[in-house]
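Trainee: Okay, here's the prediction I keep looking at, along with the sequence it came from:
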Amino acid sequence: MHLIKTLFLLLLLASGASRAQGIAPYEARLGRARPVVAVVGVNSGTELSDFLAPYAILARAGSMDVLALGTSAGPIQMRPALRVAPHATLAAFDAQYPDGADYIVVPAVAAPDDPVLLPWLAVQAAKGATIVSICDGALVVARAGIFKQHRATGHWATHRQRVADYPDTAWLANRRYVADGKVVSSAGISAAIPTALALVEAVAGRARADEVAAEIGASGWSDQHNSARFGRTPGMLLTALGNKLLHGQARIAIALHDGMDELEMALQADAFSRTLRSKAYGVADSMAPVMTRHGLQIYPDLDRSAAAGTVPVAGGNLKQIISQIRTMYGAGTAHLVAAQLEYDELAEANF
């Protein structure tokens, strides 16, 4: 039996290495005019860009009903910064949509064995939802048993762990995202962007995906990727150590206001909070929650009166944000942040 399973996984790996497979076009079901998409987070800790990047891109497309869900009531503590109020809990979603979602987006979370999230995902998959993991959301989906006998990927830093812990999944490298039937998975954090655009194409068509990509400053959503470029190098470790021990931590002001773009905000806060020389804080006119462009409430960390000494930064796409970090803190720190986000600084793509 072990030999048969090994041969099967080798065949999966071979087929995944030989050809790329996009996300299957959406097929309407359950009498719905539009697909229902749930982006789920664990309230105690969820990766910021993993959660907000897909949410922002899918909601911007305007062709899906996109809901942000938490495992329990109250705001979701995002990592490494900010707090977000979900639209509903998993239980409330189940009451409203007893037949389940069409797509579930699963970001990396602080507790990949969360006792509420794991069984809920298994039930959603059994009801026919396509499960989409982002970055180390792959650890959650794998633990729920949904990746068994499938091809998948995740953040470069956890590849060995995934291969060891979940040997009945064919873990692919050098892919920004992998689609295998009803399961889709992405590489590290920045891969949320091309993965979400690929999902827009599957639901709304190539033309609409092109429009959304242009709006957010992305040049495309190819699954091609060189994960071998990333690794924990001595230079990276020295930069991290130096930034932690030899520099103070600047307070970066992320300006919060009604109607703001979730993607740009998330990338700013995420990237600057990973330099080990700065931490992002959401700053607004008051401590009241602000409403984003696509209907999420974000809780400020500081109001203007308490924001003295914070450093404002410009927005932009990820390439522009990494460039700001390089200007402020040097090439070593920019590379450190890019590696954490699994963003290829040498690639020409602008996401």
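Mentor: Looks like it arrived, so ask away. Numbers count the residues shown, from 1 in each chain.
Trainee: how much space between Thr292 and Tyr26?
Mentor: According to CB to CB, to the nearest Å, Thr292 and Tyr26 sit 25 Å apart. Any C-beta I mention is one placed from the backbone N, CA and C, and that applies to glycine too.
Trainee: for the residue nearest to the spatial centre of the chain, what are its contacts?
Mentor: The residue lying closest to the centre of the chain (CA atoms, centre = their mean) is Asp50, at 1.8 Å. Residues near Asp50 by CB atoms under 8 Å, 6 or more residues apart in numbering: Pro107, Ala108, Ile134, Cys135, Gly137, Ile189, Ala192.
Trainee: Between Thr292 and Tyr26, tell me which one has more neighbours.
Mentor: Thr292 (23 against 19; other CB atoms under 10 Å).
Trainee: I'd say the more buried one and Asp261 touch.
Mentor: Yes: between Thr292 and Asp261 a contact is recorded at 7.4 Å, counting by CB atoms under 8 Å.
Trainee: Which phi and psi values does the residue nearest to the centre of the chain adopt?
Mentor: phi -60, psi -40 (degrees, to the nearest 10).
Trainee: now swap in the one 3 residues further on and tell me
Mentor: Reported as degrees, to the nearest 10, the phi and psi values for Ala53 are phi -60, psi -50.
Trainee: From Gln320, how far off is the nearest residue to it once chain neighbours are set aside?
Mentor: The shortest distance from Ala53 to any non-neighbouring residue, by CB to CB, 6 or more residues apart in numbering, is to Ala192 (4.0 Å). As judged by CB to CB, Ala192 and Gln320 stand 17 Å apart.
Trainee: the more surrounded of these two?
Mentor: Ala192 (35 against 15).
Trainee: Can you tell me the SS state at the more buried one?
Mentor: In three-state terms, and counting by DSSP: H, G, I helix; E, B strand; the rest coil, Ala192 is helix.
Trainee: if I pick it, what's in contact with it?
Mentor: Ser49, Asp50, Ala53, Pro54, Pro107, Ile134, Cys135, Ser186.
Trainee: pretty sure the fourth one contacts Ile134?
Mentor: In this case it means Pro54. Yes: at 6.2 Å, Pro54 counts as touching Ile134 under the criterion of CB under 8 Å.
Trainee: Mutual contacts of the two, please.
Mentor: Shared contacts of Pro54 and Ile134, counting by CB under 8 Å, 6+ apart, come down to Val105, Pro107, Ala192, Thr195.
Trainee: For the second one, which residues are in contact?
Mentor: Think Pro107. Going by CB under 8 Å, 6+ apart, the list of residues near Pro107 reads Val39, Val40, Gly41, Thr46, Glu47, Asp50, Phe51, Pro54, Ile134, Cys135, Gly137, Ala192.
Trainee: ok, and the most crowded of these?
Mentor: Neighbour-wise, the contacts of Pro107 (other CB under 10 Å) top out at Ala192, 35 neighbours.
Trainee: is it possible to export the contacts of Ala192 to TSV including secondary structure?
Mentor: TSV is the format used below for the contacts of Ala192 (three-state DSSP):
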residue	secondary structure
Ser49	helix
Asp50	helix
Ala53	helix
Pro54	helix
Pro107	coil
Ile134	coil
Cys135	coil
Ser186	strand
